[in-house]
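Novice: sequence and predicted structure below; questions after.
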Amino acid sequence: MSDTGAGPAVIGKAALGITSDVAARRLAADGPNELPTAMERNFGRLVWDVVREPMLLLLVGAGTVNFLLSEPLDAVILMLTVVVVIGISIYQERKTENALAALRDLSSPRALVIRDGVTFRIAGRDVVCGDVVLLSEGDRVPADAVLLESVNLAVDESALTGESVPVRKTAASQDTVLEHMGRPGGDATPWVFSGTLVVKGHGTAVVQATGSGTELGLIGRALRSIETERTPLQREIGRIVGVVAVAGAGAAVAVLVIYGLTRGNWLEGALAGIATAMAMLPEEFPVVLTVFLALGAWRMSRRNVLTRRPPVIETLGSATVVCVDKTGTLTMNSMTVRSIRTDGAVHVIEGDRVPEACGEIIRIGRLAAPVEPFDPMDRAFSERCDRRVLDGWTLVREYPLTESVLAVTHAWRPPGSAEFTIATKGAPEAVARLCQLDGEQRDLLMGEVEAATSDGQRVLAVASGTFPAGSEFPGEQSGFDLRFLGLVGLLDPVRPGVVVAIEECARAGLRTVMITGDYPGTAMAIAREIGLDHA
């Protein structure tokens, strides 16, 4: 599952991919391209893990002694309790494992690879090191790989970095040997990582690592190495059972000795000692505790909460700090238009309504996005626009984002017009250069950009222009006469109900901690919005 056997990727010599025979050998040697999972426990191991709990051992011991004392009814009741707890625990474990297995199957990506010079689609688990993978918009990257070709490729790496804004990817230079994969994050890098999502463009990559050798696999291995700690209740129960056992054994020995010395009948003394020890055992307490924990796990399963073991109920009940991921948990892991700066005014967008003064900038931003947008920022413009905005319009020319010009320009033919409409969207600095803003205008622009980014917003600039029909389009975006329209601030919106949940946690005495790899300004803005800064 590591990159063993693949060797370094030699860029420019892998376009035909590996052969099917080589792929079969590497799959047999490295194993399937899957994340490491905990070893499945068999029936005997499940039963033992339940029975070895001190409280269950106390019940088993009490039931056994009751049998020896010829009290079968009490013994049967205690043993039935043990059987019920074991049954609920096994049912819960099996149900959880089946649900997790189904989720893994659903989330397992399929990959378009080149083998023997032929392109075909295979299961993600069958991808091996050295495979050439074709990536396009909407694909989930099946393994860690280095790009051979990249056409306007952008990838959502939030699963690894917590950063919801897609990052640009560029192809590695020809005839370059890459000994090691880079790390997630950063802009204009040639590496793509397992589990990330292609949101724009397309590319070709050669696989460098699979399974546990990927960045996602390293996280899985780290989590797998964590030892499961006993809960506070389990530790306390273990202590109580130990104290009761010692006290019961001491009392039994004392009764045995006294009875034997005073009456001379050591057998009756032994039976009296055992009876005394049994009388000291709180048999009802373990019955109530174990059954209620098991029932708690069962009730949670009916609310679609997956719990492998009943003691998790007590762990949840004793929690004092809740650590929550930001991207995709507190937020929607998408982008929405939050503010628009145009003509010296700042418009805060709330709800679905867009101010009339902002209609043009939203429309031009939509025209500068793909017809079927997948990138979160492009979709944000699409969601704010009338669905019929493109009716009758024809896209005649596209200028993709490049390393030198971090902007996209689209030329459209409007219905019944003799001129093309030019729509440009991109980084504020790049759009400012395309619009030929002077130094003073750029300084004012960057001040507005800083104000928006301090609130955690991602900022795009929008510009528009016209171009006469029948003329030859320029080779570069700088050949258009563009008019700067303004800035659009985008933000990953907070999920509905998060603010109420944070308040409920605070009232319950729970401290909520947000964990994110995002920029500090973005994290602080989200914290203020959900009330986490004073929760």
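Specialist: It's in. Keep in mind that what you see is a predicted model, and the values were worked out from it rather than measured.

Novice: pLDDT weak spots in the stretch 101-250 of the chain?
Specialist: 101-108, 174-180, 223-228 (pLDDT under 70).

Novice: again, only using 90
Specialist: The stretch 101-250 of the chain contains residues with pLDDT under 90 at 101-110, 116-120, 123-125, 137-138, 148-152, 156-168, 170-189, 195, 199-202, 211-249.

Novice: tell me who's in contact with A430.
Specialist: For A430, the contact set (Cβ atoms under 8 Å, 6 or more residues apart in numbering) comprises 405-407, 461. To be clear about C-beta, it is placed using only N, CA and C from the backbone, and glycine gets the same treatment.

Novice: can I get those residues in CSV with distance to I362?
Specialist: Below are the contacts of A430 laid out as CSV (distance: Cβ to Cβ, whole Å):
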residue, distance to I362
V405, 23
L406, 21
A407, 17
A461, 14
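
Novice: from these, which is closest to I219?
Specialist: For the contacts of A430, the minimum distance to I219 (Cβ to Cβ) is 30.6 Å, reached by L406.

Novice: from memory the closest one sits against G426, does it?
Specialist: Yes: assessed by Cβ atoms under 8 Å, L406 is found in contact with G426 at 5.2 Å.

Novice: where exactly do the strands run in the stretch 301-450 of the chain?
Specialist: Under the criterion DSSP state E, counting those that start in this stretch, the stretch 301-450 of the chain contains strands at 321-325, 336-342, 345-348, 394-399, 407-413, 419-426.

Novice: which one of those lies closest to T210?
Specialist: Smallest distance to T210 across these (Cβ to Cβ): 25.4 Å, for strand 321-325.

Novice: strands paired with that closest one, and their directions?
Specialist: Neighbouring strands of strand 321-325 in its sheet, by DSSP bridges, are strand 511-515 (parallel).

Novice: report the inter-axis angle for the next helix-or-strand element following the partner strand versus strand 511-515.
Specialist: Remark: after strand 511-515, the chain's next helix or strand is helix 520-530, criterion DSSP states H and E. Orientation check (axes from the mean of the first three to the mean of the last three Cα atoms, to 10 degrees): helix 520-530 against strand 511-515 gives 150 degrees.

Novice: so this structure: which segments form each domain?
Specialist: Here the domain assignment for the chain is 9-34+109-224, 43-103+284-318, 322-332+495-534, 359-485, based on automatic domain parsing.

Novice: how about the strands in the stretch 1-150 of the chain?
Specialist: Remark: strands assigned in the stretch 1-150 of the chain by DSSP E, counting those that start in this stretch are 9-10, 110-115, 118-123, 132-136, 144-156.

Novice: for stretch 348-363, which outside residues touch it?
Specialist: 336-340, 342-343, 345, 347, 381, 384-385, 389, 462, 464, 485-486, 488.

Novice: rerun that using 6 Å as the cut-off
Specialist: The list of residues contacting stretch 348-363 from outside it, by Cβ atoms under 6 Å, 6 or more residues apart in numbering, reads 337-340, 342, 347, 384-385, 389, 462, 485-486.

Novice: go on, stretch 121-139?
Specialist: 3, 6, 14, 17-18, 23, 26-27, 32-34, 108-114, 142-143, 145, 198, 200, 202-207, 210, 374.

Novice: quick revisit: of all the strands of the stretch 301-450 of the chain, which one is nearest A279?
Specialist: Per Cβ to Cβ, nearest to A279 of the strands of the stretch 301-450 of the chain: strand 321-325, 42.5 Å.

Novice: just the CA atoms of that closest one, as CSV, please.
Specialist: C-alpha atoms of strand 321-325 as CSV (Å, rounded to 0.1, in the frame of the first residue of the first chain):
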residue,chain,number,x,y,z
VAL,A,321,-14.9,19.8,26.3
VAL,A,322,-16.3,19.3,22.7
CYS,A,323,-13.7,19.6,19.9
VAL,A,324,-15.4,20.4,16.6
ASP,A,325,-14.0,20.6,13.0
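
Novice: buried ones in that strand?
Specialist: V324 (16 or more other Cβ atoms under 10 Å).

Novice: go on, stretch 215-222?
Specialist: 215-217, 219-220.

Novice: again, but for stretch 514-527
Specialist: Going by neighbour count (16+ other Cβ under 10 Å), the buried part of stretch 514-527 is 514, 516-518, 522-527.

Novice: what's the answer for stretch 253-271, then?
Specialist: Buried-residue list, stretch 253-271, by 16+ other Cβ under 10 Å: 255-256, 259-260, 269-271.

Novice: helix, strand, or coil at the closest residue to A525 other than its chain neighbours?
Specialist: Of all residues not flanking A525 in the chain, G456 sits nearest, at 2.9 Å (Cβ to Cβ, 6 or more residues apart in numbering). Three-state call for G456 (DSSP: H, G, I helix; E, B strand; the rest coil): coil.

Novice: wait, doesn't G456 sit right on G521?
Specialist: Yes: when contacts are counted by Cβ atoms under 6 Å, G456 is listed as touching G521 (5.2 Å).

Novice: shared neighbours, those two?
Specialist: By Cβ under 6 Å, 6+ apart, no residue touches both G456 and G521.

Novice: contacts only, for the residue nearest to M377 when sequence neighbours are not counted.
Specialist: Counting by Cβ to Cβ, 6+ apart, M335 is the residue found nearest to M377 once chain neighbours are left out, at 5.2 Å. The contact partners of M335, taken as Cβ under 6 Å, 6+ apart, are 376-377, 380, 490.

Novice: of those, which is the most crowded?
Specialist: Most neighbours among these, by other Cβ atoms under 10 Å: A380, with 27 neighbours.

Novice: relative to D139, how far out is that residue?
Specialist: 21 Å (Cβ to Cβ, to the nearest Å).

Novice: number of residues surrounding A508?
Specialist: 10.

Novice: next, R387: phi, psi?
Specialist: Phi and psi for R387, reported as degrees, to the nearest 10, are phi -60, psi -20.

Novice: actually D481, sorry about that
Specialist: phi -90, psi 100.

Novice: please verify my assumption that it contacts G465.
Specialist: Yes: at 5.3 Å, D481 and G465 qualify as touching, with contact defined as Cβ under 6 Å.

Novice: and the two? Which one has more around it.
Specialist: Set side by side, D481 and G465 show more neighbours around G465, with 19 against 11, by other Cβ under 10 Å.

Novice: does that one sit in a helix, a strand or a coil?
Specialist: strand.

Novice: and it, how close does it get to V83?
Specialist: 78 Å.

Novice: next: S339.
Specialist: Distance, S339 to V83, using Cβ to Cβ: 62 Å.

Novice: the more surrounded of these two?
Specialist: S339 (20 against 10).

Novice: mind listing what that one touches?
Specialist: 348, 489.

Novice: start at 235 instead
Specialist: OK, 235 is where the count begins now, so the last one is S573.

Novice: tell me the bridge partners for it.
Specialist: Assigned bridge partners for S573, using DSSP bridges, are V582, G723.

Novice: report the separation between it and I453.
Specialist: According to Cβ to Cβ, S573 and I453 sit 35 Å apart.

Novice: does the nearest residue to V487 once chain neighbours are set aside count as helix, strand or coil?
Specialist: Distances taken as Cβ to Cβ, 6+ apart put G507 closest to V487, at 6.6 Å, once the chain neighbours are dropped. Classification of G507 by three-state DSSP places it in helix.
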